[in-house]
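Asks: quick check, what structure comes out for this input:
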Amino acid sequence: MAKEPVSTLLFEGSEWNFTTLSRAYEAIKEIAIGEMGLDVYPNQIEVISSEQMLDAYSSVGMPLMYQHWSFGKRFVFENELYRKGRRGLAYELVINSNPCITYLMDENTMPMQALVTAHASFGHNHFFKNNYLFRQWTDAGAILGYMDFAKKYIAKCEERHGLAAVEEILDSAHALMDQGVFHYRRPPRLSSEKVRERARERLEYEEQTYSDLWRTLPTATGSVGVEEAEREAGERKKVLNLPEENLLYFLEKHSIILEPWQREILRIVRVIAQYFYPQGQTKVMNEGCATYVHYTIINRLFDQGRMSEGAMLELLASHANVVFQPNFDDPRFSGINPYALGFAMMQDIERICTAPTAEDRDWFPNIAGNGDCMGTLKDAWENHRDESFILQYLSPALIRKFRLFQLSDRSADTFCEVASIHDERGYSAVRAGLARNYDPGANRPDIQVIDVDLLGDRQLRLRHRIKNGILLDEGRRDATLTHIRRLWGYDVSLAGVDDATDRVVYECSSKVS
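Replies: Predicted coordinates for the structure are as follows:
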């Protein structure tokens, strides 16, 4: 009697249990680590309900988060849309931590659990661990411990100082969260010994260069006060390390009215803002990497006979929905889908490495035909952010596929001009123009603290460098100045200066009543 063939499928049907989850995880890990050579943090997988997923949505995606009314407000909003069927939930949530925590929804089918495990636990995980921005700005091993501390600390502050007092500080800190980030590495603080050494060197220099003859020279009347004021302002700015781009940091360190517990809350908010800083600059790459990884893995499992045709059809349908890019005249269009662009660029790099055209060899001589697509991709994932990745790897073939072109739209003109089309010069211009859209320096308001006299009127002076004539919304600007004044305690002024001409475009202030 012939034996029935033993099934090699990892699972059958849509139902899942922890045995099938474990079996699928091991098979996915075998391909991700063994074949693709991904380098990941240890994984921790949690299965949560839809309500828990909504709760995580509402608290900026962190499992341990302090309480604030804005999180509850967002929870109600997201919950209403979900219950009415107007918005779906993410199939997973992944935390950039060590171990990397992936949250799966218990409502997912087993094929979807396999897909999101490949997507999050290996795709996002590899990107978090290896991309230079995440290595530079985040400490994956410490973030969960810090969030636990922050949650408990703010709860104690609420018990000791009252909900209203803590909420007031958090409201102002949240309003300044986007301006509470260091965008560039700061030089390390000098040790006290180094500071004393520099002071001694300055004194020695002054003694060596001093001549009593200078005392006999006449001084120009009227200029002494101006020169003295400029010298004092320069010394003051040097001591305070001005200009300063991180408003929350400056307020935390120099506000006279804040109590120690209030300073700690400002620090908590800016640490969280800094933690999320790399994610805003790598959305296309991060999602493209994770999507490419899950697509490669599920196809490999199907080729090995470990995924059924039914499961594969379900996963391909879900994948197609994720990377769908609506046309500009489609009601669903809201810009370029980062999943679509990222995944298309990853696949295009694979094509250039394995089957390049003559055009590819002209544009990408270093990688065209090298036969090492995974090595090329891992190098790109490690060393780029969205702006530089697009500027270096977006090909003419993909520009044609997405039908991209460049418009020149100046407010002084009565028409829009198609400035770049599909020719050699146009490809370069389109690529550069699209990359600029992902440049955080070009899209965020450049507002810095430029001066404050702590021994004088204590007015905090801010400067907004206006780029391309883009002004701040007046209502939001004035509301934000009110929050700054609340944390500073004294008058705050803001001057808008044109970045090209240094002309003062506007001045406004928020004064203590």
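Asks: who's in contact with the nearest residue to Tyr438 once chain neighbours are set aside?
Replies: Nearest residue to Tyr438 in three dimensions, chain neighbours excluded: Asp386, at 3.9 Å (C-beta to C-beta, 6 or more residues apart in numbering). No exception for glycine: its C-beta is placed from N, CA and C like everyone else's. Contact analysis of Asp386 by C-beta atoms under 8 Å, 6 or more residues apart in numbering lists 281-285, 435, 438.
Asks: Ile28 now?
Replies: By C-beta under 8 Å, 6+ apart, the residues touching Ile28 are 114, 117-118, 121-122, 297, 301.
Asks: repeat that for 7 Å
Replies: Under the criterion of C-beta atoms under 7 Å, 6 or more residues apart in numbering, the neighbours of Ile28 are 114, 117-118, 122, 297.
Asks: equivalent analysis for Pro365, please.
Replies: So Pro365 contacts nothing (C-beta under 7 Å, 6+ apart).
Asks: pLDDT wise, what is it at?
Replies: Listed pLDDT for Pro365 reads 94.
Asks: in the chain, where is pLDDT below threshold?
Replies: For the chain, the stretches with pLDDT under 70 are 1-7, 57-63, 69, 72-73, 75, 77-91, 185-226, 229, 411.
Asks: domain ranges for it?
Replies: 18-131+282-310, 335-441, 443-510 (automatic domain parsing).
Asks: so which of those comes closest to Glu264?
Replies: domain 18-131+282-310 (12.0 Å; C-beta to C-beta).
Asks: ok now that closest one, how far from the chain's centre?
Replies: 19 Å (C-alpha atoms, centre = their mean, to the nearest Å).
Asks: grab the most central residue of the protein for me.
Replies: Gly280 (2.2 Å; C-alpha atoms, centre = their mean).
Asks: that residue: what's it in contact with?
Replies: Counting by C-beta under 7 Å, 6+ apart, Gly280 touches Pro440.
Asks: what does the one 4 residues further on give?
Replies: The contact partners of Val284, taken as C-beta under 7 Å, 6+ apart, are 338, 341-342, 386, 438.
Asks: for Tyr506, see how far away the residue nearest to Tyr438 is.
Replies: Distance, Asp386 to Tyr506, using C-beta to C-beta, to the nearest Å: 32 Å.
Asks: same deal with Thr482?
Replies: For Thr482 relative to Tyr506 (C-beta to C-beta), the value is 17 Å.
Asks: tally of neighbours for Gln279?
Replies: Using other C-beta atoms under 10 Å, Gln279 is surrounded by 16 other residues.
Asks: nearest spatial neighbour of it, skipping sequence neighbours?
Replies: Asn286 (7.0 Å).
Asks: right, and that neighbour touches Gly123 too?
Replies: No - between Asn286 and Gly123 there is no contact under C-beta atoms under 7 Å: 8.5 Å.
Asks: of the two, who's got more company?
Replies: Between Asn286 and Gly123, counted using other C-beta under 10 Å, Gly123 has the larger neighbour count: 30 against 26.
Asks: how near is the more buried one to Thr102?
Replies: For Gly123 relative to Thr102 (C-beta to C-beta), the value is 11 Å.
Asks: same question, Glu264
Replies: The value you get for Glu264 to Thr102, if C-beta to C-beta is used, is 31 Å.
Asks: before we move on, what about Asn125?
Replies: From Asn125 to Thr102 the distance is 8 Å (C-beta to C-beta).
Asks: before we move on, what about Leu258?
Replies: Distance from Leu258 to Thr102, by C-beta to C-beta: 38 Å.
Asks: more neighbours: which of those two?
Replies: Between Leu258 and Thr102, counted using other C-beta under 10 Å, the more crowded position is Thr102 (22 against 19).
Asks: am I right that that one is in contact with Ala120?
Replies: Yes - in this structure, Thr102 is within contact of Ala120 by C-beta under 7 Å, at 4.5 Å.
Asks: joint contacts of the two?
Replies: Common neighbours of Thr102 and Ala120 (C-beta under 7 Å, 6+ apart) are 92, 94.
Asks: and Arg135, helix, strand or coil?
Replies: helix (DSSP: H, G, I helix; E, B strand; the rest coil).
Asks: count the neighbours of the residue lying closest to it once chain neighbours are set aside for me.
Replies: In space, and not counting its chain neighbours, Arg135 is closest to Lys129: 8.0 Å by C-beta to C-beta, 6+ apart. Counted with other C-beta under 10 Å, residues neighbouring Lys129 total 18.
Asks: who touches the residue nearest to Ala175 when sequence neighbours are not counted in this structure?
Replies: Spatial nearest neighbour of Ala175, excluding adjacent residues (C-beta to C-beta, 6+ apart): His483 at 4.3 Å. Contact analysis of His483 by C-beta under 7 Å, 6+ apart lists 172, 175-176.
Asks: hang on, His483 is in a strand, isn't it?
Replies: No - secondary structure of His483 (three-state DSSP): helix, not part of a strand.
Asks: now stretch 105-124: buried residues?
Replies: 105, 108-124 (16 or more other C-beta atoms under 10 Å).
Asks: and stretch 9-24, how far out from the chain middle?
Replies: 35 Å.
Asks: that stretch: which residues count as buried?
Replies: 10-11, 16, 20-21, 23-24.
Asks: narrow those to those in helices?
Replies: 20-21, 23-24 (DSSP state H).
Asks: quick one, strands of the protein?
Replies: 43-48, 92-95, 100-105, 406-408, 417-420, 446-451, 460-466, 492-498, 504-510 (DSSP state E).
Asks: pipe these into TSV and attach distance to Leu64 per row.
Replies: Shown next, in TSV, are the strands of the chain (distance: least, C-beta to C-beta, whole Å):
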stretch	distance to Leu64
strand 43-48	13
strand 92-95	10
strand 100-105	11
strand 406-408	44
strand 417-420	47
strand 446-451	31
strand 460-466	33
strand 492-498	33
strand 504-510	34
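Asks: just those strands: most buried one?
Replies: Greatest average neighbour count among those goes to strand 92-95 (a mean of 23), per mean count of other C-beta atoms under 10 Å.
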